[in-house]
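Participant: Structure here, sequence nowhere to be found:
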């Protein structure tokens, strides 16, 4: 396994939203682990930075939180996607695809020539 | 439930559970518990750092957008200087001037007794058969205090004046002669109350309580003053204490400097007092010189207290038929006093409220116009993705900034106006003053209303935004035709309302002013155009007996009459229109005349004057003769009476030559003069007797000088003449001018406050109208340009715009006229010589309002007429 990459600026929020969309409500720790797993353990999160991002998303109204009980019977705070969050996810994902699409055109070797 | 508040404790718990879950996973993977926890903490990047990051994030959005809003708001205000200036000035005038006027009125009319639990204090009034209210004599007071059960204490006070000697100088101070329980009943300073009561009853050296302001002013706040001796009008008193700081006595507007117990004033006096008859006057049932204030027992019922007073009143009337027949005792409770003050207060509050309404209307109009102009900008921001809540908050912040600016400037203005306090106060040589301080609640109230107006109207565009049609707004079109019309109607309604309110204010001012003018023009019975100077002289204090005093007065009068620039000089006992003027009465028996209620004698106000008095002050002699040199101390007693006296007692007959009895001596009437005002300008004429100065020897008196032209050199020359005679005789100088000012003070305050509010009202109304018309012209500049291009004459454009302004003004004036009729009826009890239906007042006020409206519309109309069609068409 090579160098683990840091999370790029601004992409963490998108990953959080996407993860919550596919898996439903998750607590902070579970969310972090899930993101690492999804990246095929290529990403290593600094868990400390996750929480300010969660707060920001919550302030923006894209996610909401409530206290619940984890699979190991531990009290934990669960995050959940809101309607606005779903819309934001669609928008951000489209933008991201567009950006990566453009970048891809620059980076893929020319077919002809 | 979903959480919204993310507090510190909540986050700590979340972090804790995070670390615990991570640690468990580590243990499951085979790590030792301690190691697993260490790993978990490392991956977290430190608990404290994480907490800090979250904490920062938490406060951020609110602060960020607030700062942004404020910065943007300030920039908007700065970029629209005309709008900002008008709105801020309107708010400042409304808040500032209103608070100041209200503060003065509150101090003069509304403020309660300066006492502990003032609501339990009642003012006692001796009612006369003529329905006039009167004060009490000291024996009446003693009977009342003894017999009343529903009042737990009654205090008596009487206003006097004394000369306070400091080193070699003397100055006039105002003292209250009070009952020993005065301070206990008031109850502001329990310790002082007890001491005053004890010491004034003990009857040792006469004592005095000094006001805090006199203590500062004259004694330089000397802490050792208590216990020392001070000299008042030649007598020595011990200072018993200093009154509480804000206590200025019970008389509104005229602060007391000293309080002297009745016991000290009357029992401890030195031989000369017999000449003043003061030993007698305190025991006399008809020397009604004391005002009484009672404290109701807790839980006492007002009706029962009144019933008890009625009983005592009847008992007194039976026991002392000569003086108390047909008199009763009534009391004025604090709530009743407030009700009595209600008419002027209501009037003033209405005026203040009207100005405030106009002010709000103006600001509302301004804000509406301004927000119209901003539709395009707001639409742009929304189109660019701003949330409408965010835009609304931005508009609100802007309004709040405006309101804050206006309110702070208003406060400065109010404080500045009150700094002018001395100009508002009655002229007096002693330190006078209503206790004026800006009342926090008044300011808060005024400011709150004005600010609320700004906020409500500032929000209007925000509300509209939600229904806004971006496309048309961006193109700079009006909102949908229907809505635009509604909007336009609303501004018109505001202006019509403002003009109606101004109309009411102007009419009220008109009435108050004409009432003042009427009072000013009332015949006074003396010539108020003369330059009269009054020198109050008191040789008694310099040790003169009455014989030497008589010689002193004669010498001074002769010398002063011979001075250059002096037309006449005269001697009199009392001064016209002065506080001390009419208090003195003499019991008179009139043989052959039936007196009311079959009483043996009647008490009549009097003065003692010499032969040149009537000539000097300009009171016309109607019949008979003035006093001559042949009338003197050794000839038979003579008197001159007022016309009312002659008509009251000898109706249809000749009063000349008649006799009446004074102190058992016969006195012959040698002349009849016109009625003169004695105490104040509004009193109705009463019987009045002028005795001969030389036949009533006193150790004090007033030299009256009628000066040619400027009074100042005459005052100086007369003073040096008096001092050449004897420089130890204390004296006091007043001019007629000063006395007149004093007499008109109350009327002037009323006229001043209502007039100021009237001016303010019409000014703000004009600004409002100007704003609307200017706005319309601005909006229609293109249309007007086209009209001009198509050949419309500029004269017609002018007429068109003026017509619009005048239509609004006419509707407003019409509504205002109806409202004024009602307000005038309310005011009628405050007015002298003015009928509240006077058509001239209404027509005049309406004309004034229309004229001002015309002027306000003229400026934008001129601009409309001078629009360059090319310019106007090119703007879009």
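Facilitator: Happy to help now that I have it. Computed from a predicted structure; not experimentally measured. Residues are numbered from 1 along each chain as shown, chains lettered A, B, ... in the order given.
Participant: And the residue of chain B that's closest to chain A?
Facilitator: residue B:45 (3.4 Å; C-beta to the nearest C-beta). (Each C-beta comes from the backbone N, C-alpha and C, glycine too.)
Participant: residues contacting the closest residue to that residue other than its chain neighbours?
Facilitator: With C-beta to C-beta, 6 or more residues apart in numbering or on different chains as the criterion, residue B:45 has its nearest non-adjacent residue at 3.4 Å, and that residue is residue A:48. For residue A:48, the contact set (C-beta atoms under 8 Å, 6 or more residues apart in numbering or on different chains) comprises B:44, B:45, B:46, B:49, B:50, B:53.
Participant: In the helix or strand hosting residue B:816, which residues are buried?
Facilitator: Assigned by DSSP states H and E, residue B:816 belongs to helix B:794-827. Under the neighbour-count criterion of 16 or more other C-beta atoms under 10 Å in any protein chain shown, helix B:794-827 has B:797-798, B:800-802, B:804-806, B:808-813, B:815-817, B:819-820, B:823-824, B:827 buried.
Participant: Can you pull the residues of chain A lying near chain B?
Facilitator: Residues of chain A found near chain B (C-beta under 8 Å from any C-beta of the partner chain) are A:27-30, A:33, A:46-49, A:51-52, A:55-56, A:58-59, A:64-67, A:70, A:72, A:74-77.
Participant: Let's see that with 10 Å instead.
Facilitator: Residues of chain A lying close to chain B by C-beta under 10 Å from any C-beta of the partner chain are A:27-30, A:32-33, A:44-56, A:58-60, A:64-67, A:70-72, A:74-78, A:80, A:82.
Participant: lowest-confidence helix or strand of the chain?
Facilitator: Picking chain A for this. helix A:47-59 (a mean of 85; mean pLDDT, DSSP states H and E).
Participant: The chain in question should be chain B.
Facilitator: Lowest-scoring helix/strand for chain B, mean pLDDT, DSSP H and E: helix B:273-276, at a mean of 35.
Participant: Which SSE is immediately downstream of the least confident helix or strand of chain A?
Facilitator: Counting by DSSP H and E, what follows helix A:47-59 is strand A:63-69.
Participant: Tell me which other helices or strands that next one touches.
Facilitator: helix A:11-23, strand A:26-27, helix A:47-59, strand A:75-81, helix A:83-107, helix B:8-28 (3 or more C-beta pairs under 10 Å, 6 or more residues apart in numbering or on different chains; DSSP states H and E).
Participant: That one - what's its average pLDDT?
Facilitator: For strand A:63-69, mean pLDDT is 89.
Participant: how big is the angle separating that strand from strand A:75-81?
Facilitator: 150 degrees (axes from the mean of the first three to the mean of the last three C-alpha atoms, to 10 degrees).
Participant: What strand or helix carries the spatially closest residue to residue B:124 that is not a sequence neighbour?
Facilitator: Among residues not flanking residue B:124 along the chain, residue B:292 sits closest, at 4.0 Å (C-beta to C-beta, 6+ apart). Following DSSP H and E, one finds residue B:292 within strand B:291-296.
Participant: Give me the buried positions along the helix or strand just after that strand.
Facilitator: Where DSSP H and E defines the elements, the next helix or strand beyond strand B:291-296 is helix B:302-319. Using 16+ other C-beta under 10 Å as the test for burial, helix B:302-319 gives B:305, B:306, B:308, B:309, B:312, B:313, B:316, B:317.
Participant: which stretches of the stretch 751-876 of chain B have low pLDDT?
Facilitator: Where the stretch 751-876 of chain B drops to pLDDT under 70, the residues are B:875-876.
Participant: What of chain A?
Facilitator: In chain A (pLDDT under 70), the answer is A:1-10, A:110-113.
Participant: How about the most centrally placed residue in chain A, nearest residue that isn't a chain neighbour?
Facilitator: With distances taken as C-alpha atoms, centre = their mean, residue A:15 lies nearest the centre of chain A, 1.5 Å away. Computed as C-beta to C-beta, 6+ apart, the closest residue to residue A:15 that is not its neighbour in sequence is residue A:35, at 5.1 Å.
Participant: about what we covered before: ok, now how distant is the residue of chain B closest to chain A from residue A:39?
Facilitator: Going from residue B:45 to residue A:39 by C-beta to C-beta, to the nearest Å gives 18 Å.
Participant: Direction included, what does the strand holding residue B:292 pair up with?
Facilitator: In the sheet, strand B:291-296 lines up against strand B:121-127 (antiparallel), strand B:151-166 (antiparallel) (DSSP bridges).
Participant: Go through these and pick out the most buried.
Facilitator: Comparing the strands paired with strand B:291-296 by mean neighbour count (mean count of other C-beta atoms under 10 Å in any protein chain shown), strand B:121-127 ranks first with a mean of 22.
Participant: Which residues are in contact with the residue nearest to the centre of chain A?
Facilitator: A:7, A:8, A:31, A:34, A:35, A:38, A:39, A:43, A:45, A:53 (C-beta atoms under 10 Å, 6 or more residues apart in numbering or on different chains).
Participant: before we move on, back to that, tabulate the helices and strands packed on strand A:63-69 (JSON lines), appending distance to residue B:245.
Facilitator: What follows is the helices and strands packed on strand A:63-69, written out as JSON lines (distance: least, C-beta to C-beta, whole Å):
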{"stretch": "helix A:11-23", "distance to residue B:245": "65"}
{"stretch": "strand A:26-27", "distance to residue B:245": "66"}
{"stretch": "helix A:47-59", "distance to residue B:245": "54"}
{"stretch": "strand A:75-81", "distance to residue B:245": "60"}
{"stretch": "helix A:83-107", "distance to residue B:245": "63"}
{"stretch": "helix B:8-28", "distance to residue B:245": "48"}
